[in-house]
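Asks: starting from these lines, generate the structure:
(one chain, ligands or ions: 2)
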Amino acid sequence: MTIGQDLDRTLGAYLADGTALEDLIDREGRTLGARLMNDPGIHELEMRKVFTKNWVFVAHESELLSAGDFVARYIGLDPVIVARGDDSKIRVLLNSCSHRGGRVCRSDSGNTSDFRCPYHGWIYDNAGNLTAVAFEREAYGSLDKERYGLRTARVATYGGLVFATFDAELPSLEEYLGDFKFYLDMNLRFLDGYWEVAGPPQRWVVDANWKFGAEQFAGDGYHVPSTHRSAAEVMGNSAGDGGRGNWGVNFNEPRYGHGGRCLGVGLAYGLSPEQLAESGLSPAQQDLLATRMLPVVGTVFPNCSFLFNDVLGGPVATIRTWNPRGPEKMEVMSWVLVARDAPEEVKEERIQSTTWAFSASGYAEGDDAEVWAQVQRSIKGPMGREQRFTYLSTTPHSVKDWRDGQDFPGPGEVHLGFTTEDNQWNWWLRWFECMNRLG
Ligand code: FES
Ligand SMILES: [Fe+2]
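Replies: Ligands and ions are numbered 1, 2, ... in the order given. This is a model prediction of the structure:
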């Protein structure tokens, strides 16, 4: 029997050797089976149950400023075109022809009125409608073209981020983000249109499962002093000493699996009190912004992460996606964000400092990629596959006595103090919920 077939409808999912997916999680003891990171059946099932059933980040609005602009992206393994139509509406279209599956868009980005399938020549407009069929009269007499548009996903944006889903039942993006919006707002939604991407995303492949990146960015401050120790030493900062990299506020949205961390090393936005007042942020958010106690890292479930901080040798602002390319391979897609109205030299500084630390050749990025690929190799053998990953570090959810006797003002499930493994565990609980869901 293979995973993802009839049994998962009634009994939860099973692997090819009969192991129940539920056997790979110990909910009481907070451990996970290492096979979650390399089993081909799990990979196949999560493409359907995780990637088509959640809001997946596909683009930043600033990549699609004009009618006809498009970028080619992925939702799991499904290629999609994110296109701004002639009516200015952003759509997400399956990049697969309704005739016999051809890839109708073969460029990474561009501006076009039409997508033309190279196989037999069907033509779609930038809203996904089938507008012309080669030799229609000779081949078909006539064809009801309205029935053969490209498949479209639901699209929604938040703070400039464009998300899409093929699930008609999923709640709205706003509801899906839930309490996480409070945190996203502080870097992404204030001063509407503040950010733009500094060009196309950088892309690179890591020989590790995509979930390593997603869960780590959701809350793993614990790895910083060890994984990034040499980088911290070179930079002469305290990220490696168990100090600023570890103490702060871990927050998560338990319903949907998002998680992140507020540390006192947020970007210095340098906003005047007047600008803050105009930002639309609540007083609590303004207070956190003023003290730079900002979300510096986080993951929107399943695979969109962000990093905004000023601790690693210069300001860093990046969003990225961890794209599965098989059970043991991911493609990272990473965008640098710059303030749209900043002078060119400020933009250049942001691009340089972000690229220097977090890019294919970034000194901090390479640290993570290396340890993930090492884990991947360590769990490949028969003994390694039986390993359990542990998530024992935990504190009670509490906002009490955060600072000067005050409660922490942010919503969601909050853990104060030394970084814990609660956020990552919560990410996994959501993953299991998706995987075990019927249908
Ligand atoms: S597969 Fe696209 S036209 Fe035939
Ligand atoms: Fe890291």
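
Asks: tell me what whichever strand or helix holds Gly259 is packed against?
Replies: For Gly259, the host element (DSSP states H and E) is strand 258-263. In terms of contacts (3 or more Cβ pairs under 8 Å, 6 or more residues apart in numbering; DSSP states H and E), strand 258-263 is packed against helix 180-184, strand 247-253, strand 294-300, helix 422-436. C-beta coordinates here come from the backbone N, C-alpha and C atoms, glycine included.

Asks: determine which of the ones you listed approaches Tyr119 most closely.
Replies: Across the helices and strands packed on strand 258-263, Tyr119 has its closest neighbour in helix 422-436 (33.9 Å, Cβ to Cβ).

Asks: identify the residues contacting Gly326.
Replies: Residues near Gly326 by Cβ atoms under 8 Å, 6 or more residues apart in numbering: His43.

Asks: so where is the stretch 251-400 of the chain shaky, pLDDT-wise?
Replies: Applying pLDDT under 70 to the stretch 251-400 of the chain picks out residues 312-313.

Asks: quick one, what contacts the residue in the stretch 251-400 of the chain that ligand 1 sits nearest to?
Replies: Relative to ligand 1, the nearest point of the stretch 251-400 of the chain is Arg325 (23.8 Å; Cβ to the nearest ligand atom). By Cβ under 8 Å, 6+ apart, the contact list for Arg325 reads 205, 210, 331.

Asks: relative to the whole chain's centre, how far out is stretch 386-398?
Replies: In terms of Cα atoms, centre = their mean, to the nearest Å, the gap separating the centre of stretch 386-398 from the centre of its chain is 22 Å.

Asks: do stretch 50-65 as well
Replies: Relative to the chain's own centre, stretch 50-65 is displaced by 9 Å; criterion: Cα atoms, centre = their mean.

Asks: and it, average pLDDT?
Replies: The average pLDDT within stretch 50-65 is 98.

Asks: buried sites along that stretch?
Replies: Neighbour counts over stretch 50-65 (16 or more other Cβ atoms under 10 Å) mark 50-64 as buried.

Asks: same check, this time on stretch 273-284
Replies: Using 16+ other Cβ under 10 Å as the burial criterion, the residues of stretch 273-284 that qualify are 276, 279, 281.

Asks: so after the strand or helix carrying Pro225, what's the next helix or strand?
Replies: Element membership for Pro225 (DSSP H and E) is helix 224-227. Following helix 224-227 in sequence order, the next helix or strand is helix 229-235 (DSSP H and E).

Asks: hang on, the earlier thing: out of the helices and strands packed on strand 258-263, which is closest to Gly260?
Replies: Closest approach to Gly260 among the helices and strands packed on strand 258-263 is made by strand 294-300 (2.3 Å; Cβ to Cβ).

Asks: residues in contact with the helix or strand that the closest one is followed by?
Replies: Using DSSP H and E, the next helix or strand after strand 294-300 towards the C-terminus is strand 304-309. With contact meaning Cβ under 8 Å, 6+ apart, strand 304-309 is reached by 56-57, 161, 163, 187-188, 213-214, 217-218, 260, 263, 265-267, 294-300, 315-322, 358.

Asks: return the subset of the residues you listed lying in helices.
Replies: Using DSSP state H, the subset of the contacts of strand 304-309 located in helices is 213-214, 217.

Asks: which residue is nearest the centroid of this structure?
Replies: The centre of the chain sits closest to Cys304, judged by Cα atoms, centre = their mean, with a distance of 0.6 Å.

Asks: how close does Leu15 sit to Asn309?
Replies: 39 Å (Cβ to Cβ, to the nearest Å).

Asks: just give the closest residue to Ser334, not the sequence neighbours.
Replies: Excluding its sequence neighbours, the residue lying closest to Ser334 (Cβ to Cβ, 6 or more residues apart in numbering) is Arg320, at 3.9 Å.

Asks: now for that neighbour, how many residues are close by?
Replies: Neighbourhood size, Arg320 [other Cβ atoms under 10 Å]: 25.

Asks: wouldn't it be in contact with Glu331 here?
Replies: No - look at Arg320 against Glu331 with Cβ atoms under 8 Å: they stay out of range, at 10.5 Å.

Asks: what touches both of those two?
Replies: Counting by Cβ under 8 Å, 6+ apart, nothing touches both Arg320 and Glu331.

Asks: one step back: what about Leu15 and Asn309, which has more around it?
Replies: Here Leu15 and Asn309 are compared on neighbour count by other Cβ under 10 Å; more neighbours surround Asn309, at 26 against 20.

Asks: skip the chain neighbours and tell me the closest residue to the more buried one.
Replies: Val296 (4.0 Å).

Asks: try Val311
Replies: Excluding its sequence neighbours, the residue lying closest to Val311 (Cβ to Cβ, 6+ apart) is Val265, at 4.2 Å.

Asks: now do the contacts for that neighbour.
Replies: Residues in contact with Val265 (Cβ under 8 Å, 6+ apart) are 244, 292, 296, 309-311.
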